[in-house]
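Colleague: Show me how the following folds:
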Amino acid sequence: MIAPLERVFRDQWGRVLAALIGFLGDFDLAEEAAQEAFAIAAERWPRDGFPTNPGAWLVTTARNRAINRIRRDRTLAAKTRLLQAEATTEDAMNATTFPDERLELIFTCCHPALATEAQVALTLRTLGGLSTDEIARAFLVPEPTMAQRLVRAKRKIKAAGIPFRVPPPHLLPDRLVAVLAVVYLIFNQGYGGRGELAAEALLLGRALAELMPDEPEVHGVLAMMLLLDARREARFRGHDLVLLADQDRSLWDAAEIADGRAALDRALALHGRGPYVVQAAIASLHADEPRDWPQIARLYGELSRLTGSPVVELSRAVAIAESESPEAGLAIADRLPGLDDYHYLHATRGELLRRLGRTEEARDAYRRALALVHDDAERRLLQRKLAELDILRSSDGERS
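Modeller: Now for the predicted structure:
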């Protein structure tokens, strides 16, 4: 259970930082001021009680801290205009103002002057509140490498004078690929256990759909997130991960599935055929019972053609195993390049080898996956799979 104070901090970080960057025009100063405000809140709120509007309190406190710092630092005299701001009273910060500020932050971070990986990493750091270590793991790079990337990205924004704003309509499509990647990565972090990030991504997805109503991929990514998020309550039993086939469908959010399918219908009506629309279509098929595995396999084939991703091919292998045979799925998995350090490859091979009765090979595959996994819930799942194989081997030994 997340403590109330920690939950507020997680929920408010992206909103507070977006407001501060818009006000200060400086990523580093905004982040330092936000951290100070959160530290003050951690000291005062347990003693004095929570404010009625935590977000407004945090922004006001952070603004005052930033202004005090500017007053002390004579080298920042050019920013004295900020001293005129009336930031000493609690702002009436209506929640409807937040999506625009967060969109401005995303579009600033996703300026084409920055490399795509820097765009995504910077937005995850600022809007998503992920640590440098968490982002480094997501990108499979060392933490110092990611830290340097973030520093360079902030410097480039400052040196190039990149404005903090949503770009004019004719420039929106140029930023769209990176923006959608950011939103989906934030959602993935939330889907893996940080629910407030998933909610943040859904808010951003809806705001993007309002901003760009004729872009099918925007509706596609929103549809996919809604359809996946609908299964959130069924994904865990206590602290244990529950695979899709074993989930209690009564826990799925039927209204969210309907909203996701409506967004998918909108994307298809706009003749969407891009990667996010295809992934949303796959997610929609997974909500059916029974699942249409041949159609899921065909859609993964189309997604593989669009992306060239071996990870997508691994998903196609699973669908082929269900629609044809474990041998056919394993044949695809065994020829995938560049995934030796990807634990899902070895977990998938372990399952397919188990189905084929190749128990010792399955054990080796599960052990390899276990050595690579970082998530505790996934680690426990793999340990259960290995324990099941041990029971199976013992039973075989007794029969022989």
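
Colleague: so Asp11 touches Glu196, yeah?
Modeller: Yes - in this structure, Asp11 is within contact of Glu196 by C-beta atoms under 8 Å, at 4.9 Å. For the C-beta atoms, the positions are set from N, CA and C on the backbone; glycine is no exception.

Colleague: Enumerate every residue touching the closest residue to Arg235 other than its chain neighbours.
Modeller: Nearest residue to Arg235, sequence neighbours excluded (C-beta to C-beta, 6 or more residues apart in numbering): Val242, at 5.9 Å. Shown in contact with Val242 (C-beta atoms under 8 Å, 6 or more residues apart in numbering): Ala234, Arg235, Phe236, Asp248.

Colleague: Go again with 10 Å.
Modeller: By C-beta atoms under 10 Å, 6 or more residues apart in numbering, the contact set of Val242 is Arg231, Ala234, Arg235, Phe236, Asp248, Leu251, Ala377, Leu381.

Colleague: and the fifth one, how many neighbours does it have?
Modeller: What that stands for is Asp248. The tally of other residues near Asp248 (other C-beta atoms under 10 Å) stands at 10.

Colleague: ok, Leu202 - how many residues close by?
Modeller: The number of residues packed near Leu202 is 20, by other C-beta under 10 Å.

Colleague: Give me the distance between it and Gly238.
Modeller: For Leu202, the distance to Gly238 (C-beta to C-beta, to the nearest Å) stands at 25 Å.

Colleague: Likewise for Glu196?
Modeller: Glu196 is 20 Å from Gly238, where distance means C-beta to C-beta.

Colleague: Show me which of those two is the more surrounded one.
Modeller: Using other C-beta under 10 Å as the criterion, Glu196 and Gly238 rank with Glu196 on top: 20 against 6.

Colleague: That one: what's it in contact with?
Modeller: By C-beta under 10 Å, 6+ apart, the contact list for Glu196 reads 2, 7-14, 128-129, 189-190.

Colleague: Next up, the contacts around Gln119.
Modeller: Each residue near Gln119 by C-beta under 10 Å, 6+ apart is listed here: 106-113, 153, 175, 177-179, 181-182.

Colleague: any low-confidence regions in the chain?
Modeller: In the predicted model of the chain, residues 1-3, 72-100, 193-194, 393-400 satisfy pLDDT under 70.

Colleague: coming back round to it: redo the contacts of Glu196 as CSV? Include secondary structure and neighbour count.
Modeller: Formatted as CSV, the contacts of Glu196 follow (DSSP: H, G, I helix; E, B strand; the rest coil; neighbours: other C-beta atoms under 10 Å):
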residue, secondary structure, neighbour count
Ile2, coil, 13
Arg7, helix, 13
Val8, helix, 22
Phe9, helix, 19
Arg10, helix, 18
Asp11, helix, 19
Gln12, helix, 24
Trp13, helix, 23
Gly14, helix, 26
Gly128, coil, 24
Gly129, coil, 23
Gln189, helix, 22
Gly190, helix, 22
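
Colleague: from the residues you listed, which two are the most distant?
Modeller: Maximum pairwise distance among these (C-beta to C-beta): 18.4 Å, between Val8 and Gln189.

Colleague: now Arg367: how far from Arg349?
Modeller: Distance from Arg367 to Arg349, by C-beta to C-beta: 11 Å.

Colleague: What of Ala287?
Modeller: Taken as C-beta to C-beta, the span from Ala287 to Arg349 is 27 Å.

Colleague: Between these two, point out the one with more neighbours.
Modeller: Arg349 (25 against 18).

Colleague: Please list all residues in contact with that one.
Modeller: Contacts of Arg349 by C-beta under 10 Å, 6+ apart are 314, 317, 329-330, 333-334, 336, 358, 361-362, 364-366, 368-369.

Colleague: Could you find the closest non-adjacent residue to Gln295?
Modeller: Once flanking residues are discounted, Gln295 sits nearest to Leu285: 6.1 Å by C-beta to C-beta, 6+ apart.

Colleague: Tell me which residues touch the one you found, please.
Modeller: By C-beta under 10 Å, 6+ apart, the residues touching Leu285 are Leu227, Arg291, Asp292, Trp293, Gln295, Ile296, Leu299, Ala319.

Colleague: if we go to 7 Å?
Modeller: Arg291, Asp292, Gln295, Ile296 (C-beta atoms under 7 Å, 6 or more residues apart in numbering).

Colleague: Just these: which are in helices?
Modeller: Within the contacts of Leu285, residues falling in helices by DSSP state H are Gln295, Ile296.

Colleague: so which of the contacts of Leu285 would you say is closest to Ala121?
Modeller: Top of the list for closeness to Ala121, among the contacts of Leu285 and by C-beta to C-beta, is Ile296 at 31.7 Å.

Colleague: I'd assumed Ala319 was in contact with that closest one.
Modeller: Yes - counting by C-beta atoms under 7 Å, Ile296 sits close enough to Ala319 to count as a contact (4.6 Å).

Colleague: Neighbours of the nearest residue to Pro163 once chain neighbours are set aside, how many?
Modeller: Leaving aside its sequence neighbours, Pro163 sits nearest to Thr108 (C-beta to C-beta, 6+ apart; 7.3 Å). For Thr108, the tally of surrounding residues (other C-beta under 10 Å) stands at 25.

Colleague: Mind listing what's buried along the host helix or strand of Thr108?
Modeller: Using DSSP states H and E, Thr108 maps to helix 98-109. By 16 or more other C-beta atoms under 10 Å, the buried positions in helix 98-109 come out as Phe98, Pro99, Glu101, Arg102, Leu103, Glu104, Leu105, Ile106, Phe107, Thr108, Cys109.

Colleague: Check which helices and strands the lengthiest helix in the chain sits against.
Modeller: Criterion DSSP H: the longest helix present in the chain is helix 376-399. Counting contacts by 3 or more C-beta pairs under 7 Å, 6 or more residues apart in numbering; DSSP states H and E, helix 376-399 packs against strand 240-241, helix 343-355, helix 359-372.
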